[in-house]
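Asks: predicted structure and sequence below. I'll ask about it afterward.
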Amino acid sequence: MAIGPAVWNVDSRTAREQAEHVHRIAATTVGAAERAPDAWTGGAAEAVAQAAWQFPSATRHTGLVKVQPRTPAGRPVAIWVDDTGRTVQVPPSAGERAFAAMTVAATAAALIALTAAGVVHLRLRTIEARSLSTWERDWERVEPGWSGRLPTQSGVDDD
């Protein structure tokens, strides 16, 4: 299926373009680690600390960064920043990009399979309905003679 490789190629191209503008640098914590706000973590137990860093060259920045729980003040931590020195999300690894591509491909394959199954199901129901209709018409014609009953509709010439 071509969807997985296409997603991989787009994600890889995007990652290469982003790699030109994101940088892993060292920051120094200026406060002890605290529990991260739920908005940062989606409810996961993570820690943040106030930190300071310089990037580009002599431009000083401060802000909250994710750290390991119980990280003390004065500890160096690795962070990712953009060209202006603002913190950014960690770029996805090749494994994460591959997983995303496989997930998209598997989802697409499942949707195609479900759509095909739905079409086959509808077609079989249509065939069954036609078959039952034909059978009922034929039975209405044959049943009176087979059972010995008179037809329900008698014509003018019937005796």
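Replies: Alright, I've got the coordinates. Owing to the predicted nature of the structure, the values given are computational and were not obtained by experimental measurement.
Asks: following the lowest-mean-pLDDT helix or strand in the chain, which helix or strand shows up next?
Replies: Ranked by mean pLDDT, DSSP states H and E, the weakest helix or strand in the chain is helix 38-41, scoring a mean of 57. Counting by DSSP states H and E, the next helix or strand C-terminal to helix 38-41 is strand 47-54.
Asks: list of residues touching stretch 83-95?
Replies: 11, 15, 18-19, 21-23, 53-56, 59, 61, 63, 65, 79-82, 100 (CB atoms under 8 Å, 6 or more residues apart in numbering). (Each C-beta comes from the backbone N, C-alpha and C, glycine too.)
Asks: now, which of the residues you listed lie within helices?
Replies: If you go by DSSP state H, these have Asp11, Ala15, Gln18, Ala19, Ala100 in helices.
Asks: could you flag which of those residues are buried?
Replies: Asp11, Ala15 (16 or more other CB atoms under 10 Å).
Asks: adding distance to Ala2 and pLDDT as columns, could you present the ones in helices among the contacts of stretch 83-95 in a markdown table?
Replies: Output for these, formatted as a markdown table (distance: CB to CB, whole Å; pLDDT from 0 to 100):
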| residue | distance to Ala2 | pLDDT |
| --- | --- | --- |
| Asp11 | 15 | 83 |
| Ala15 | 20 | 81 |
| Gln18 | 24 | 79 |
| Ala19 | 25 | 78 |
| Ala100 | 16 | 89 |
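Asks: quick one: secondary structure of Val77?
Replies: strand (DSSP: H, G, I helix; E, B strand; the rest coil).
Asks: can you get me a residue count around it?
Replies: Using other CB atoms under 10 Å, Val77 has 18 other residues around it.
Asks: need the contact list for it.
Replies: Applying CB under 8 Å, 6+ apart, the residues contacting Val77 are Ala26, Ala27, Thr28, Thr29, Ala49, Ala51, Val65, Val67, Thr71.
Asks: ok, those vs Ser133, which is closest?
Replies: Val65 (71.1 Å; CB to CB).
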